[in-house]
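Chemist: Dropping the sequence and predicted coords here.
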Amino acid sequence: MAARKQSANQYVHSSSMSSGIRNRLGRSGLLRRVSSMGKTTLALVGFGTLASLALEYKVERDMDADGTDKLAGEKLGTPERKKRVLVLPFHRMKVVEKKKKGLIELAESLSSSKSDGNAGEKIFEIEVKELVDIIHAAAADPECVALHGTFGQGNDFSVGGFAHVEEIRNAIRVFNESHRVHAEPNLSYDTKLPMPRNGTPKASYAFADTFAHPTDTGNKEYYLASAFTHVNLQARGDLNLMGIAIATPFLRSAFDKYGIKAHVFKHGKYKNAPNSLTESGFTKEHMNNTMSMIKSINDHNYTEIVRSRSLPATFDEQMWKAINNYGTLTAQNAQEIGLVDSSPRVNPLRALLKANKGEKELAEVKMKWGNEIDFDKFHANEPISLEAYSRLLSRQKKAKKRKWKIHGMMKHLSGKSTATRMILSSLGYEHPFYNITKEEFSQDHKRATTKEKIAVVQVSGGIDHKVAQSVTSCLRKLKEDKNTKCVILRVDSPGGSAIASETILEEIKDIEKPVIFSMSNAAASGGYYIATSGAKIFALPSTITGSIGVYGIKFDVTDLASQYGVKVQNISTGPLASCNNQFQPLTKKMEENFNRNIDGVYKYFKEIVSFGRHLTLEEVEAIAQGRVWTGEQALQLGLVDYLGGLDRAVSFAKLNYTGGEAEVELWPKAPNFYSFIGSLIGGRKEDAIAYLNYVWNEVVSHDQKSNEMTLCNIGDIVAAPGYGSFPWLLLKNTHHTQMNGVMLTANEADALSLGLHEISLQNNCSFPLGYRFE
């Protein structure tokens, strides 16, 4: 009790003292003391933060971007700048527009056993934009002084089409001309574009065992290799430049044999996609359109090979035609004509590298090789692989991002307190540069601090409901993003459903931002349909576009069914209720309905082309009717605005719609592993584990037993069906089926793939993965 009383008395005494202090200092004096204490605390915290930032930056500054310790080298003197050659293994590449994401990519990489046959290295998949960006980075990298492309047997390089090759060739041209500044790096040989000198030219070397591709007579490998400054072909290798060919299957006779009828309703005499189902051979219009298209691509290849190889005026169109007609050229023939520079027995890369090790090594190499290889223009002394260089660029990007983040934190803390700025200054971090050098600050400040963005939305494959849903979802998000100043739709599609295409088109119209289009290998029919709303359209010379037309198909398999003793009867409340049923014969009423629908879609298609491209309906009709054009032809007809790849479209957007340094974002964004799994199994951990075990067992163990398997929807991995015949596929299910409206597609192979995929989904079965008519 006494203790408690004493404590209480002390509390009262303390309270009375506090009251006295408050009375003496007043409210304002107390606030000043609290404020002073707070500032001191903040200064201490700020100093601690700055010290840790400074330490982190010092460690980072003392390290090269590739992870080597610079201080170790500085003890022995300033290290010389590296001289690297970037090795591009085209014989191991599968260049695609868009890589498969998530578990499908994992499953295919685990089950794939294809290798190059030499070093046991697997084929790897790379997006064309990723490859182009790497080559552009090498062009700007002072330590990367050369490129070396390997083509192996000349038939392992996989690419989506000639348009992809065009983009890679343009990137190699930028590397060759790295002594110039390219405002628009994918612009091909425009003499009006100013290119001030910026250093010395770099060399690029290509080597192939042979360029005699057994099936690709247009020879994409050589066409790509011709962009290199030096082309070497093995002494016993060959070169095929026989022109471009397209093989089209016609199933009319097979359908007649099995009792299958394909009723086609179309607008446009050049809408040739369904001809494979209804004709026994090429029609006159089909033949003319196909020949015009492949001739345009072949002529463009000739022009670009002559330009990049600096061939004389005597190498004219007649000479090109003679080479096409001659057949296989030997390495010696190709060298005499000027299509290759030399024909060494082995890949000269090792000798080229050795020649730059020292005077003694150079003398030894020249004595062995003589004048067979040009050693004087190759300055690299160490190689770096594409994979290693890609990782190096990634680390450099992260390091630069981290450095500017630290800069932002220092700037923020300096703005809060004069004392903090003085502390930073005493540590050597002067305002406004802080941890950035003056040179870096002047070059990168605007780029590193801008919030402006350009969004590139990928539209790949046949345009169906799933693609439309993905694209529109991206567009709705971008619509609300104030930092996104321009949207680029990158289209690589032969077409698809008119309804799905219209869904994308209307979503584009609803965006109050500039939308421009970059066409890849194909942007035809439905792919061109959505592009009509673009402020500008970019296409590559070999892009397949146009195909302004429409068709629909009704299958009738009643005769086929009767051959197997199957009879299907339909009961309906109206004459059109069964019009899409494949077991219901076509009636006149159905035919009228189909034609009316096709007429309406075609009329609207021409109207949106007329409005978007500022052409009269008569002008549109003259170039429509389902006719397919190359990008080069489309430019002359007013269907596109510029020739160039994605990089040129991005450059255009930066120059016209942003401050010039906007960040480029790819959409749809790839989900991380956890969100991807969570979206599949609802976020339950036990389900995720069971699911991954299922994928592993089904894909890996199944692949060991059989190479025939099908990957259907994400997360649905099943063995390929064993029915073995197309007629049985149609008979498997007799439920009412409905085709996905009218089709807007570019060519026969894609039409058949899309159509058969549609039927397989409706009949609850599937074709083997990658099944196509080619």
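Modeler: Yep, it's here. Numbering: from 1, shown residues only.

Chemist: which residues in the stretch 501-650 of the chain form helices?
Modeler: The residue ranges that make up the helices of the stretch 501-650 of the chain, judged by DSSP state H, counting those that start in this stretch, are 526-531, 558-563, 588-613, 617-623, 631-637, 646-657.

Chemist: most tightly surrounded among those helices?
Modeler: Of all the helices of the stretch 501-650 of the chain, helix 526-531 carries the top mean neighbour count, a mean of 31, counting by mean count of other Cβ atoms under 10 Å. (Glycine included, C-beta is placed from N, CA and C.)

Chemist: Gly358 is nearest to which of the helices of the stretch 501-650 of the chain?
Modeler: Closest to Gly358 of the helices of the stretch 501-650 of the chain, according to Cβ to Cβ: helix 646-657, at 38.9 Å.

Chemist: For that closest one, name the packing helices and strands.
Modeler: Under the contact criterion of 3 or more Cβ pairs under 8 Å, 6 or more residues apart in numbering; DSSP states H and E, helix 646-657 touches helix 128-140, helix 162-176, strand 453-460, strand 484-493, strand 515-524, strand 536-539.

Chemist: same thing but 6 Å
Modeler: strand 484-493, strand 515-524 (3 or more Cβ pairs under 6 Å, 6 or more residues apart in numbering; DSSP states H and E).

Chemist: Please identify the most buried of those.
Modeler: Burial among the helices and strands packed on helix 646-657, expressed as mean neighbours by mean count of other Cβ under 10 Å, is greatest for strand 515-524, which shows a mean of 28.

Chemist: which secondary structure elements does that one contact?
Modeler: Packing partners of strand 515-524 (3+ Cβ pairs under 6 Å, 6+ apart): strand 484-493, strand 536-539, strand 544-546, helix 646-657.

Chemist: Direction included, what does that strand pair against?
Modeler: Strands that pair with strand 515-524, judged by DSSP bridges, come out as strand 484-493 (parallel), strand 536-539 (parallel), strand 544-546 (parallel).

Chemist: mind putting these in a markdown table, distance to Phe611 and mean pLDDT included?
Modeler: Compiled in a markdown table, the strands paired with strand 515-524 are given as follows (distance: least, Cβ to Cβ, whole Å; pLDDT from 0 to 100):
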| stretch | distance to Phe611 | mean pLDDT |
| --- | --- | --- |
| strand 484-493 | 18 | 97 |
| strand 536-539 | 14 | 97 |
| strand 544-546 | 17 | 96 |
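
Chemist: Make CSV out of those and add distance to Leu352.
Modeler: Below are these laid out as CSV (distance: least, Cβ to Cβ, whole Å):
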stretch, distance to Leu352
strand 484-493, 36
strand 536-539, 37
strand 544-546, 39
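
Chemist: To Arg476, which of those strands lies closest?
Modeler: Each of the strands paired with strand 515-524 was scored for nearness to Arg476 using Cβ to Cβ, and the closest is strand 484-493 (11.5 Å).

Chemist: still on that earlier bit, relative to Phe207, tell me which of the helices and strands packed on strand 515-524 wins on proximity.
Modeler: Distances from Phe207 to each of these were compared using Cβ to Cβ; the minimum, 26.7 Å, belongs to helix 646-657.

Chemist: So what's the gap between stretch 597-604 and the chain middle?
Modeler: 33 Å (Cα atoms, centre = their mean, to the nearest Å).

Chemist: list the contacts for the residue nearest in space to the middle of the chain?
Modeler: In the chain, the residue lying closest to the centroid (Cα atoms, centre = their mean) is Glu97, at 3.7 Å. Listed by Cβ atoms under 6 Å, 6 or more residues apart in numbering, the contact set of Glu97 reads Gly160, Ser460, Asp492, Ser520.

Chemist: Likewise for Met287?
Modeler: Shown here is Met287, which makes no contacts under the criterion Cβ under 6 Å, 6+ apart.

Chemist: In which helix or strand does it reside?
Modeler: Remark: Met287 resides in helix 284-309, with elements defined by DSSP states H and E.

Chemist: Identify each buried residue in that helix, please.
Modeler: 285-286, 289-290, 293-294, 296-298, 300-302, 304-306, 308-309 (16 or more other Cβ atoms under 10 Å).

Chemist: got the angle between that helix and helix 162-176?
Modeler: Taking axes from the mean of the first three to the mean of the last three Cα atoms, to 10 degrees, helix 284-309 and helix 162-176 form an angle of 10 degrees between their directions.

Chemist: Give me the average confidence score over helix 284-309.
Modeler: Average pLDDT, helix 284-309: 95.

Chemist: okay, the angle between the next helix or strand after it and helix 284-309?
Modeler: Helices and strands here follow DSSP H and E; after helix 284-309, the next one along the chain is helix 317-326. For helix 317-326 and helix 284-309, the angle between their directions (the same axes, to 10 degrees) works out to 110 degrees.
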